[in-house]
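Peer 1: with the input below, show me the fold.
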Amino acid sequence: MKLIEIYTDGSSRGNPGPGGYGVVMSYQEKEKELSQGFRKTTNNRMELLGVIVAIESLKTREIPVKVYSDSKYVIDAITKGWLDSWIIKRFKGKKNQDLWMRYHEAAKGYKITFQWVKGHAGNSKNERCDVLAVESSKLKPLLIDHVFEANEEDKGLF
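Peer 2: Residues are numbered from 1 along each chain as shown. Predicted coordinates for the structure are as follows:
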């Protein structure tokens, strides 16, 4: 059976702090890596952003997709239906609404399954994603996670 496999990981050196995501995408004999760093963000945002960017980079909805992640935050929110509940409740008391809605839009029309993998347990693609995520958080110039930084500034107003 044809299947696109996507491994993702996110990293934040400090939480919040400089962070990044890493992605390894495989289809048959082809492999592609994606990564990007941000100057101030959180681990959870980077875990989720890695999944989003990978899905947004796909060129077909015809082939099933399997996403592997070591993030229970991402996997459980999607597979246990939490995201659907958060959307209905307008994310009351929940973080990262901007990214969750971006994921929700990006995933439309795809047949996506998710598999949790234990981090730092010898899975070569998961380990590669970790390296990409950490290294991207150290490369200049780092992008600005505008929504996160704006929310951080808003917290200090009152």
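Peer 1: touching, residue 126 and residue 50? I think so.
Peer 2: No - using C-beta atoms under 8 Å, residue 126 makes no contact with residue 50, being 11.4 Å away. Every residue, glycine included, has its C-beta placed from N, CA and C.
Peer 1: now for the two: what residues contact both?
Peer 2: residue 9 (C-beta atoms under 8 Å, 6 or more residues apart in numbering).
Peer 1: which one's more surrounded, the two?
Peer 2: residue 50 (31 against 21; other C-beta atoms under 10 Å).
Peer 1: what's near enough to touch the more buried one?
Peer 2: Here residue 50 is in contact with 8, 9, 10, 21, 22, 23, 34, 69, 129, 133 (criterion: C-beta under 8 Å, 6+ apart).
Peer 1: name the SS class of the last one, please.
Peer 2: Right, residue 133. Following DSSP: H, G, I helix; E, B strand; the rest coil, we place residue 133 in the helix state.
Peer 1: what's the answer for the fifth one, then?
Peer 2: Following three-state DSSP, the label given to residue 22 is strand.
Peer 1: and it, bridged to which residues?
Peer 2: Residue 22 has these beta-bridge partners by DSSP bridges: residue 9, residue 35.
Peer 1: residues near it, how many?
Peer 2: Residue 22: 29 surrounding residues under other C-beta under 10 Å.
Peer 1: and the pLDDT at it?
Peer 2: pLDDT, residue 22: 98.
Peer 1: pretty sure it sits against residue 32.
Peer 2: No - contact criterion C-beta under 8 Å: residue 22 and residue 32 do not qualify, at 11.9 Å.
Peer 1: re the thing from before, tell me the one of the contacts of residue 50 nearest residue 152?
Peer 2: Using C-beta to C-beta, residue 10 is the member of the contacts of residue 50 that lies nearest residue 152, at 17.7 Å.
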